[in-house]
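Q: Build me a model from this:
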Amino acid sequence: MRLLHCVPGALEPSGNLCSPPPPRRQWSGLVEWRESSVNEDRFWGSFGPQPPPHPRRWSPHDDHIARASLSPNVLPSSSPPRPSTKSYLSHLSFSCWRNGRLTVGAACLPDHPARPGRPKLVSPKEIPQHKRSGIPLNAYMLHNLAHVELNAIDLAWDTVARFSSLHDVLGDQFFSDFARVADDESRHFGWCSQRLTELGFSYGAMPAHNFLWKECNKSSGDITFRLAVIPLVQEARGLDAGPRLVQKLIGFGDHRTSNIVAKIVDEEVAHVAVGVFWFTLICQKMGRPPSDTFKGLLKEYNVELKGPFNYAAREEAGIPRDWYEDSSINDGTKKRLSEVCDRLATIISLEQENTKLV
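A: Coordinates of the predicted model:
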């Protein structure tokens, strides 16, 4: 694995990466997010997230989670779990970790996580357009988001398990951060799945693609590229696209789904911020400038950054513009794109406030 081409003195005597100066424009909510209690608001009620009215009870079948280590808990290579079960196991694993009942451990990972029989996985070009899908626009968009969230659960746990051999260097906090990300994503998937059911559909109702996991496989041997391509590219794209998705749902008249998506987008800022924190820290300890390293990795692995960018959300998450912005775009165009994103965010905020008054 590519990581430890470090400069002398980069490690503390304990072997853990020492705390760096905070990255520039670090997300202000990072400490609070890390220290918060386990989030039990896994049901979307009449007024937003709340604990489930009928929570799943601990059963003897769950004992293996409490006795296991963190890494192998939710990445089984056989007997594909139902997505709802994977979501539950993710939450249970993080809860046990947060309560001090698990160690990081190690795992022998399969090439890909267990997948249910549906949805059928096809290439992105084979995904039917909305008009040919036979599914209403709100359910169509929500199904796509549910697929992203289910993949995000696997991506976060794969990061925990894939790089567990670096535990002595990275320390507990790295694995705690990405276990919390997995728990957040499992909650997001639960909201999407619940809403799909309310709309008369279920996850698996239409084909989906495997693009996200292919990007994960490309980064399986390089922790810097994993952090670059997943939190700083894929999840950051969610910050860019989220407001547009919310606006489409409002235009469709589905305010309940738009509120769910808006909440998910808001919580994704933390996941991008965690990626910025660890990418910056590792680059510092390797004696490499983060901006040049990020751009070099994307070029090496042929990863394309696509706008338009949500500058405000990216700045909040702590991604400096010079990491991703094309220097060939003139200042006038940059300003106009930024103004468009700001106006869109304002419109969405006003629309959401209006729905609360109805």
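Q: all contacts plus neighbour counts: C-alpha atoms, from now on.
A: OK.
Q: can you tell me the helix or strand for residue 86?
A: helix 83-98 (DSSP states H and E).
Q: and that helix, how far from the chain's centre?
A: Distance of helix 83-98 from the chain centroid (C-alpha atoms, centre = their mean, to the nearest Å) equals 15 Å.
Q: Let's test this: mean pLDDT of it, rounded?
A: Model confidence over helix 83-98 averages 90 on the pLDDT scale.
Q: low-confidence ranges in the stretch 251-358 of the chain?
A: 327-358 (pLDDT under 70).
Q: try it again with 90
A: Per-residue confidence of the stretch 251-358 of the chain (counting by pLDDT under 90) places the weak regions at 306-307, 325-358.
Q: just the helices in it please.
A: 255-285, 290-300, 311-317, 321-324, 331-357 (DSSP state H, counting those that start in this stretch).
Q: What are the contacting residues of the second one?
A: Residues from elsewhere that reach helix 290-300, judged by C-alpha atoms under 8 Å, 6 or more residues apart in numbering: 225, 228, 229, 279, 280, 283, 284, 304, 322, 323, 324.
Q: Give me the ChimeraX select line for the residues you listed, limited to the buried ones.
A: The ChimeraX selection below is limited to those of the contacts of helix 290-300 classed as buried (16 or more other C-alpha atoms under 10 Å):
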select :225,228,229,279,280,283,284,324
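Q: and the contacts of helix 290-300, which two are the farthest apart?
A: With distance counted by C-alpha to C-alpha, no two of these lie farther apart than 284 and 304, which are 24.4 Å apart.
Q: For the helix holding residue 86, list every residue counted as buried.
A: By neighbour count, with 16+ other C-alpha under 10 Å as the criterion, the buried positions of helix 83-98 are 83, 86-98.
Q: out of those, which one sits closest to residue 28?
A: Using C-alpha to C-alpha, the shortest approach to residue 28 within those belongs to residue 98, at 22.0 Å.
Q: Pull out the buried residues from stretch 305-321.
A: By neighbour count, with 16+ other C-alpha under 10 Å as the criterion, the buried positions of stretch 305-321 are 309, 310, 311, 312, 313, 314, 315, 316, 317, 318, 319, 320.
Q: Can you name the two of the residues you listed that sit furthest apart?
A: Using C-alpha to C-alpha, the two most remote members of the buried residues of stretch 305-321 are 309 and 318, lying 13.8 Å apart.
Q: any chance you could map the strands in this protein?
A: Along the chain, the stretches classed as strands by DSSP state E are 43-45, 48-50, 121-122, 208-209.
Q: List the neighbouring strands of the third one plus their orientation.
A: What that stands for is strand 121-122. Listed by DSSP bridges, the sheet partners of strand 121-122 and their directions read strand 208-209 (parallel).
Q: Provide the contact partners of the strand it pairs with at residue level.
A: Strand 208-209 is contacted by residues 119, 120, 121, 122, 123, 124, 127, 144, 147 when judged by C-alpha under 8 Å, 6+ apart.
Q: which of those residues count as buried?
A: Buried members of the contacts of strand 208-209, scored by 16+ other C-alpha under 10 Å, are 119, 121, 144, 147.
Q: Which of those residues fall in helices?
A: Counted as lying in helices by DSSP state H, out of those, are 144, 147.
Q: can you pull the contacts of residue 256?
A: Residue 256 is in contact with no residue at all, counting by C-alpha under 8 Å, 6+ apart.
Q: actually residue 237, sorry about that
A: Residue 237 makes contact with residue 309, according to C-alpha under 8 Å, 6+ apart.
Q: ok, it to residue 323 distance?
A: With distances defined as C-alpha to C-alpha, to the nearest Å, the gap from residue 237 to residue 323 amounts to 14 Å.
Q: Kindly report the same for residue 145.
A: The span separating residue 145 from residue 323 equals 26 Å under the rule C-alpha to C-alpha.
Q: ok, now residue 94?
A: When distances are taken as C-alpha to C-alpha, residue 94 and residue 323 turn out to be 32 Å apart.
Q: For residue 152, which non-adjacent residue is spatially closest?
A: Across the structure, with C-alpha to C-alpha, 6 or more residues apart in numbering as the measure, the residue nearest residue 152 apart from its sequence neighbours is residue 185 (6.2 Å).
Q: Isn't residue 155 up against residue 213?
A: Yes. Under the contact definition of C-alpha atoms under 8 Å, residue 155 touches residue 213, with a separation of 7.4 Å.
Q: Pick out whichever of these two has more residues nearby.
A: Just comparing residue 155 and residue 213: by other C-alpha atoms under 10 Å the higher neighbour count belongs to residue 155, 27 against 18.
Q: Nearest residue to that one in space, please, no chain neighbours.
A: According to C-alpha to C-alpha, 6+ apart, the nearest residue to residue 155 is residue 216 (6.8 Å).
Q: separation between that neighbour and residue 264?
A: Plainly put, residue 216 is 21 Å away from residue 264 if you go by C-alpha to C-alpha.
Q: next one: residue 179
A: When C-alpha to C-alpha is the yardstick, residue 179 and residue 264 sit 17 Å from each other.
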